[in-house]
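1. coords please:
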Amino acid sequence: MPARSSKAKKPRNSGVRAHETLHLPLCGNLPRCYMARMSTNTSTPLDHIRNFSIVAHIDHGKSTLADRLIQSTGGLADREMSEQVLDNMDIERERGITIKAQTVRLHYKAKDGETYVLNLIDTPGHVDFAYEVSRSLSACEGSLLVVDASQGVEAQTLANVYQAIDNNHELVTVLNKIDLPAAEPDRIKEQIEEVIGIDASDAVLISAKTGLGIPDVLEAIVQRLPAPKSEGGEKAPLKALLVDSWYDTYLGVMVLVRVIEGRISKGQTIRMMGTDAKYTIERVGVLTPKMVAMDSLGPGEIGFITASIKEVADTRVGDTITEDKRPTAKALPGFKPAQPVVFCGLFPVDAADFEDLRSAMGKLRLNDASFSFEMESSAALGFGFRCGFLGLLHLEIIQERLEREFDLDLIATAPSVVYKLFMTDGSERELHNPADMPDVVKISEIHEPWIRATILTPDDYLGGILKLCQDRRGIQIELTYVGTRAMLTYDLPLNEVVFDFYDRLKSISKGYASFDYQITDHKEGNLVKMSILVNGEPVDALSMMVHRMAAEKRGREMCEKLKELIPKHMFKIPIQAAIGGNVIARETISALRKDVTAKCYGGDATRKRKLLEKQKAGKKRMRQFGKVEIPQEAFIAALKMGDE
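-> Here you go, the predicted structure:
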């Protein structure tokens with residue numbers, strides 16, 4: 001690692017999301033003018049409301065289209081606009097992805113002379129956030145399906161459009177980037193009809209970057225998407241869907257809700273049906289995307305509430321909100337707590353930063369209920385935390401935010417998935433950390449999570465991708481063609497995907513393949529715990545679960561890598577990969593050797609032999625008591641071995 005700078009650290013960020021500061025420049029910095037005021041008790045008629053989301057593959061122009069819709073309806077003035085106005089975090093802007101779902105309420109005067117309220121929910125596209133996407137989609141009646149007119153249908157397009165169809169959405173197809181020389185709208189329309197199976201003859205042709213065709217999109221939303229329905233109306237007991245929540249430094253947890261029936265008002269006592277928690281509402285409002293206060297929200301409307309809620313973990317996405325005194329009879333379907341699927345250890349490079357890391361994780365947890373952590377210690381890396389994530393992208397995002405916003409240097413251990421252990425005594429337990437694996441004689445079966453993966457690739461790279469999937473124990477389900485591109489469906493063990501699958505896929509296909517997956521179930525696997533021993537001592541941070549057939553190859557690679565990285569000592573250092581008591585791979589780092597016979601000029605050979613024997617005995621004793629110092633660089637390089 002490069003030497004740490006001796007100068008003072010730059011001031012730490014407070015760790016709050018940019019959610020909390022987006023509107024501040026628009027109304028000053030004081031809490032009293034934190035929200036604009038639009039006191040109204042009148043609800044918008046249901047037939048004048050359109051709730052919709054935008055579904056698309058990464059980089060197909062979803063956030064740019066949202067910008068143009070906000071701009072053309074006057075949601076923000078030109079001076080207040082910025083690129084990807086709904087992507088608030090620096091990481092979102094740099095990577096060109098949406099991490100957190102956003103919502104905005106727009107007023108649009110249509111060609112028929114009526115003014116409509118359009119509620120747009122800009123959802124993440126990545127599979128890690130699939131549950132959040134499903135709840136956002138269930139708050140809407142329709143979707144804009146955005147497809148790049150030059151690239152066509154991609155893997156995430158398929159995954160998200162099927163979720164929209166499962167939620168009975170009406171779809172409006174939008175072909176973006178038609179101003180590019182490579183755009184082929186007619187071919188892409190045929191592809192959409194062939195692959196997805198929906199009529200694309202009336203697709204709206206636009207360029208979100210230049211603003212071409214945006215009025216046609218707004219008219220299509222009003223004319224072709226259905227208005228929300230409410231069986232009980234505003235007289236019925238309150239029933240609202242909790243779509244999202246985030247932490248605000250002034251107002252506490254802000255909860256985004258979609259009212260299904262009844263009315264949600266300031267001063268009302270509400271109850272979360274999933275957690276059975278009760279709160280009194282302090283504020284009700286909408287995002288335009290500036291905060292605008294309201295007195296109440298009626299059926300079909302989407303807005304936010306605050307109720308002195310301290311932690312985002314208390315407001316679970318997908319929960320049903322009802323009135324405490326007059327509750328609704330039945331909760332909305334589809335609610336489930338967020339379950340981490342990938343675990344890894346995060347340790348500070350400098351042990352003195354441990355308390356700072358604890359504080360930083362606490363602040364991030366305020367905003368992200370799906371991120372979990374608990375303290376753990378490692379003999380090699382010291383004190384740190386075992387963290388749970390929704391997937392690999394989620395892991396990357398959290399690690400990058402900790403390093404960037406809180407100025408921390410971190411080591412992440414190899415990511416691991418959750419295994420189910422069936423014990424010989426009939427009990428069942430979950431294994432998050434391979435170092436905690438119980439004695440194998442007590443285990444009857446080990447089950448690992450499997451995924452159903454969809455890969456779209458140009459035909460040229462098909463052979464390499466098929467071999468990659470076979471090497472990763474994949475089971476081919478389907479292989480079909482979409483024009484010149486192949487669509488592969490594979491069942492794969494998640495354990496093989498989290499290590500380096502995505503990097504290898506992009507490398508083989510030169511970046512042209514797109515990949516999407518969903519977790520299906522757990523299957524029994526011939527899995528073993530592979531330990532790495534340095535000088536006979538197991539290094540817990542490098543323990544991993546591997547398939548028995550791949551264990552020898554993985555163990556040999558790890559030993560060879562560590563041999564390059566660990567510096568020589570005064571004694572021989574054996575590096576071994578072992579399964580239980582069986583060593584499956586070994587490398588030896590030779591000793592640094594001092595020439596003890598240098599001072600002998602001539603004389604009897606027994607004198608030299610005596611000195612060499614004495615040195616040999618000393619090295620033997622040193623090896624017994626000597627301690628091998630493994631540098632931090634060795635850990636970082638060994639754990640990133642799959643990235644090469």
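2. now the nearest residue to G142 once chain neighbours are set aside: phi and psi?
-> Closest residue in space to G142, ignoring its immediate chain neighbours: L225 at 3.4 Å, by Cβ to Cβ, 6 or more residues apart in numbering. Where C-beta positions appear, they are placed from N, C-alpha and C, glycine not excepted. Backbone geometry at L225, expressed as degrees, to the nearest 10, gives phi -90, psi 140.
3. so what's L225 up against?
-> 50, 52, 141-142, 170, 172 (Cβ atoms under 8 Å, 6 or more residues apart in numbering).
4. using the three-state scheme, assign the residue nearest in space to the middle of the chain.
-> By Cα atoms, centre = their mean, the chain has its centre lying nearest to H394, at 2.5 Å. Each residue gets one of three states, and H394 gets helix by DSSP: H, G, I helix; E, B strand; the rest coil.
5. burial check on E564, number of neighbours?
-> Here the number of neighbours of E564 (other Cβ atoms under 10 Å) works out to 11.
6. now do the SS call for it.
-> Applying three-state DSSP: E564 is helix.
7. what's the distance between it and L494?
-> 30 Å (Cβ to Cβ, to the nearest Å).
8. which strand residues bridge the closest residue to L410 other than its chain neighbours?
-> Spatial nearest neighbour of L410, excluding adjacent residues (Cβ to Cβ, 6+ apart): L346 at 5.4 Å. Beta-bridge pairing of L346 under DSSP bridges involves F385, A412.
9. identify, from the contacts of L225, the entry nearest to M273.
-> Taking Cβ to Cβ as the measure, M273 lies nearest E141 of the contacts of L225, at 22.7 Å.
10. and the closest one, how many neighbours?
-> Based on other Cβ under 10 Å, the number of other residues close to E141 is 21.
11. got a ChimeraX select line for the buried ones in the contacts of L225?
-> Buried residues within the contacts of L225, by 16 or more other Cβ atoms under 10 Å, are selected in ChimeraX with:
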select :50,52,141,142,172
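12. can you name the two of the contacts of L225 that are farthest apart?
-> It's E141 and V172 that sit farthest apart of the contacts of L225, by Cβ to Cβ, at 11.6 Å.
13. hey, which helix or strand in the chain has the poorest pLDDT?
-> For the chain, counting by mean pLDDT, DSSP states H and E, helix 24-27 ranks last in confidence among helices and strands (a mean of 32).
14. and the lengthiest strand in the chain, what other elements does it pack with?
-> Looking across the chain with DSSP state E, the single longest strand is strand 443-458. Contact here means 3 or more Cβ pairs under 8 Å, 6 or more residues apart in numbering; DSSP states H and E; on that basis strand 443-458 packs against helix 155-166, strand 419-423, helix 462-471, strand 485-493, helix 494-508, strand 514-524.
15. now the angle from it to helix 462-471?
-> 170 degrees (axes from the mean of the first three to the mean of the last three Cα atoms, to 10 degrees).
16. buried by neighbour count: which residues of strand 443-458 qualify?
-> Under 16+ other Cβ under 10 Å, the buried positions of strand 443-458 are 443, 446-451, 453-457.
17. let's have the residues you listed in JSON lines, adding pLDDT.
-> Formatted as JSON lines, those follow (pLDDT from 0 to 100):
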{"residue": "I443", "pLDDT": "87"}
{"residue": "I446", "pLDDT": "90"}
{"residue": "H447", "pLDDT": "91"}
{"residue": "E448", "pLDDT": "89"}
{"residue": "P449", "pLDDT": "88"}
{"residue": "W450", "pLDDT": "90"}
{"residue": "I451", "pLDDT": "87"}
{"residue": "A453", "pLDDT": "87"}
{"residue": "T454", "pLDDT": "86"}
{"residue": "I455", "pLDDT": "86"}
{"residue": "L456", "pLDDT": "83"}
{"residue": "T457", "pLDDT": "84"}
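18. nearest to V528 among the residues you listed?
-> I446 (8.7 Å).
19. can you count the residues close to the closest residue to G388 other than its chain neighbours?
-> Nearest non-adjacent residue to G388, counting by Cβ to Cβ, 6+ apart: P340, 2.9 Å away. Using other Cβ under 10 Å, P340 has 19 neighbouring residues.
20. check M437 too.
-> The burial count for M437: 18, using other Cβ under 10 Å.
21. same check, this time on A203
-> Neighbour number of A203 under other Cβ under 10 Å is 21.
22. and it, how far from I188?
-> From A203 over to I188 (counting by Cβ to Cβ), the distance is 8 Å.
23. identify the contacts common to those two.
-> With Cβ under 8 Å, 6+ apart, A203 and I188 have common neighbours L175.
24. picking up where we left off before, for the contacts of L225, which one is nearest A578?
-> Nearest to A578 among the contacts of L225, with distances taken as Cβ to Cβ, is F52, at 56.6 Å.
25. wait, what's in contact with that closest one?
-> Per Cβ under 8 Å, 6+ apart, neighbours of F52: 118-121, 140-144, 221, 225.
26. which of those residues fall within helices?
-> I221 (DSSP state H).
27. most neighbours, which of the contacts of F52?
-> Going by other Cβ under 10 Å, L120 tops the contacts of F52 with 28 neighbours.
28. so for it, what's the nearest residue that isn't a sequence neighbour?
-> Per Cβ to Cβ, 6+ apart, closest to L120 is V104, 5.1 Å.
29. and the one you found, backbone torsions?
-> Dihedral angles (degrees, to the nearest 10) for V104: phi -150, psi 140.
30. that one against L287, yeah?
-> Yes - the criterion here is Cβ atoms under 8 Å, and V104 meets it with L287 at 5.7 Å.
31. related to what we said a few turns ago, from E231, how far out is the residue nearest to L120?
-> The value you get for V104 to E231, if Cβ to Cβ is used, is 27 Å.
32. neighbour-wise, which of those two wins?
-> Neighbours were counted for V104 and for E231 using other Cβ under 10 Å; V104 has more, 23 against 9.
33. ok, now which ones touch that one?
-> 66, 70, 75, 86, 119-120, 122, 287-289.
34. from F304, how far out is it?
-> For V104, the distance to F304 - Cβ to Cβ - is 12 Å.
35. for the two, list the residues in contact with both.
-> L287.
36. measure L468 to D491 for me?
-> 14 Å.
37. er, I584 actually
-> 27 Å.
38. can the contacts of F52 go into JSON lines with extra columns for pLDDT and distance to A617?
-> Output for the contacts of F52, formatted as JSON lines (pLDDT from 0 to 100; distance: Cβ to Cβ, whole Å):
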{"residue": "L118", "pLDDT": "90", "distance to A617": "84"}
{"residue": "N119", "pLDDT": "90", "distance to A617": "81"}
{"residue": "L120", "pLDDT": "88", "distance to A617": "78"}
{"residue": "I121", "pLDDT": "83", "distance to A617": "74"}
{"residue": "C140", "pLDDT": "88", "distance to A617": "78"}
{"residue": "E141", "pLDDT": "89", "distance to A617": "83"}
{"residue": "G142", "pLDDT": "90", "distance to A617": "82"}
{"residue": "S143", "pLDDT": "90", "distance to A617": "77"}
{"residue": "L144", "pLDDT": "90", "distance to A617": "78"}
{"residue": "I221", "pLDDT": "91", "distance to A617": "85"}
{"residue": "L225", "pLDDT": "90", "distance to A617": "85"}
